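Undergrad: quick one: sequence plus predicted model below, questions after.
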Amino acid sequence: MLQIDGLTWTVTIGLVLALLALDLIIAAARPHKVGFGEAVAWSIGYILVAVAFGVWLTLAHGGDFGQQYFAGYIVEKSLSVDNLFVFVIIMSTFAVPEEHQHKVLTFGIVVALIMRAIFIALGATLLSLFSFMFLLFGLLLIYTGIQLFRHRDEDPDVENNVVVRTARRLLPLSKEYDGGKLFTRLEGKRVGTPLVVVLLAIGGIDLLFALDSIPAVFGVTDEPYLVFAANAFALLGLRALYFLVKGLLDRLVYLSAGLAVILGFIGIKLILHWAHVDIDESVPEISTPISLAVIIGILVVVTVASLLKTRNDPSAKAHPGSLPSWSDWCETPRVSGGS
């Protein structure tokens, strides 16, 4: 097992919080439209931080744990791109001004980290107490992968999100933004701006994605420290990645299908691990290097195939897919044309 002392945990969490604080300070002090050059610089910076952490981990604790971290990071980064699809839909649905999208994304990342920290602690506890949780997590991922593949050409209907509908029913809201304020004065009364609804929608979506992504990363490593680090560093780069690739997201027409295959593969890996531990040690397991190679291979094939598809058919448009859990949050899913 990976032995991580309290000081290392503290330094790691401190680094994540420092980077989050930097994002928040920039968003609050200088709201602006994030250009391509700035997005590239931030994206490269976050990737370098994540890689540097992986190199340190490998040197300090061995190549096997380093491979587990990088596999987890790639899985979470891939799933985070699907997050971006939904963020784009939310931003466009509520016409969030570009100078305030930075703030909304940073809020989304903070909430996502909190949600995932909770689920990481819960998942690690369950796995340490009950080995059959590997079986349950595996079945959950296979089911999620099948549903994501079936609904890969759908977009979630944000307008019918239960959080959005509840907020509109219970809170007095204005129809116009007032800069970056959450609340404003309308006819002498204090009311919420559309930014309140946007943040609530982002928070609800973060919860749903945490429910799906945490079992996936536990499929490549059962070390809580590595699960947290992979999630944290993948999410920290999400804000910059949004501004970098939001114009290219529509071209990744096969991303949802690829993610569905990855979830199914990790689900099978978890079930084999459960069978190896609880049934018979002769049951083969899928090693971390093989997992890493398969995940990277799927992502490369998906990306190349998507770019070729959109080059030959410019009308093809990508969709984030509609996961099973969306049915609990939406009354009537909006189905778009196939890719």
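TA: Yep, that arrived.

Undergrad: show me where the stretch 51-200 of the chain has its helices.
TA: Counting by DSSP state H, counting those that start in this stretch, the stretch 51-200 of the chain has helices at residues 63-93, 98-129, 133-150, 162-170, 194-218.

Undergrad: buried ones in the first one?
TA: Read it as helix 63-93. 65-91, 93 (16 or more other C-beta atoms under 10 Å). Every residue, glycine included, has its C-beta placed from N, CA and C.

Undergrad: one more: the longest one?
TA: Buried positions in helix 98-129, judged by neighbour count with 16+ other C-beta under 10 Å: 100-113, 115-117, 119-120, 123-124, 126-127.

Undergrad: cool, the third one as well?
TA: Residues of helix 133-150 classed as buried under the neighbour-count rule (16+ other C-beta under 10 Å) are 133-138, 140-142, 144-145, 147-149.

Undergrad: list the helices and strands it packs on?
TA: If you count contacts as 3 or more C-beta pairs under 8 Å, 6 or more residues apart in numbering; DSSP states H and E, helix 133-150 packs onto helix 98-129, helix 194-218, helix 255-278.

Undergrad: now for these, which one comes closest to Leu173?
TA: Leu173 lies closest to helix 194-218 among the helices and strands packed on helix 133-150, at 6.7 Å (C-beta to C-beta).

Undergrad: how far away from the center of its chain is the closest one?
TA: 8 Å (C-alpha atoms, centre = their mean, to the nearest Å).

Undergrad: and that helix, what does it pack against?
TA: Counting by 3+ C-beta pairs under 8 Å, 6+ apart, helix 194-218 packs on helix 63-93, helix 98-129, helix 133-150, helix 162-170, helix 224-236, helix 255-278.

Undergrad: tell me the helix or strand right after the fifth one.
TA: Next along the chain after helix 224-236, taking DSSP states H and E as the criterion, comes helix 238-245.

Undergrad: residues in contact with stretch 214-227?
TA: Under the contact criterion C-beta atoms under 8 Å, 6 or more residues apart in numbering, stretch 214-227 has outside partners 1-2, 4, 8-9, 12, 57, 65, 68-69, 71-72, 75-76, 79, 116, 119-121, 123-124, 127, 137-138, 140-141, 230-231, 262-263, 266-267, 269-270, 288, 291-292.

Undergrad: so who does Leu79 touch?
TA: Counting by C-beta under 8 Å, 6+ apart, Leu79 has contacts 209, 212-213, 216, 259.

Undergrad: please export the C-alpha coordinates of stretch 34-45 as CSV.
TA: Coordinates of each C-alpha in stretch 34-45 appear next as CSV, following Å, rounded to 0.1, in the frame of the first residue of the first chain:
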residue,chain,number,x,y,z
VAL,A,34,-10.1,35.0,-21.6
GLY,A,35,-8.3,34.9,-24.9
PHE,A,36,-6.7,32.0,-26.7
GLY,A,37,-3.1,32.8,-25.7
GLU,A,38,-4.0,33.2,-22.0
ALA,A,39,-6.0,29.9,-22.1
VAL,A,40,-3.0,28.1,-23.7
ALA,A,41,-0.6,29.4,-21.1
TRP,A,42,-2.9,28.4,-18.2
SER,A,43,-3.6,25.0,-19.7
ILE,A,44,0.1,24.2,-20.2
GLY,A,45,0.9,25.4,-16.7
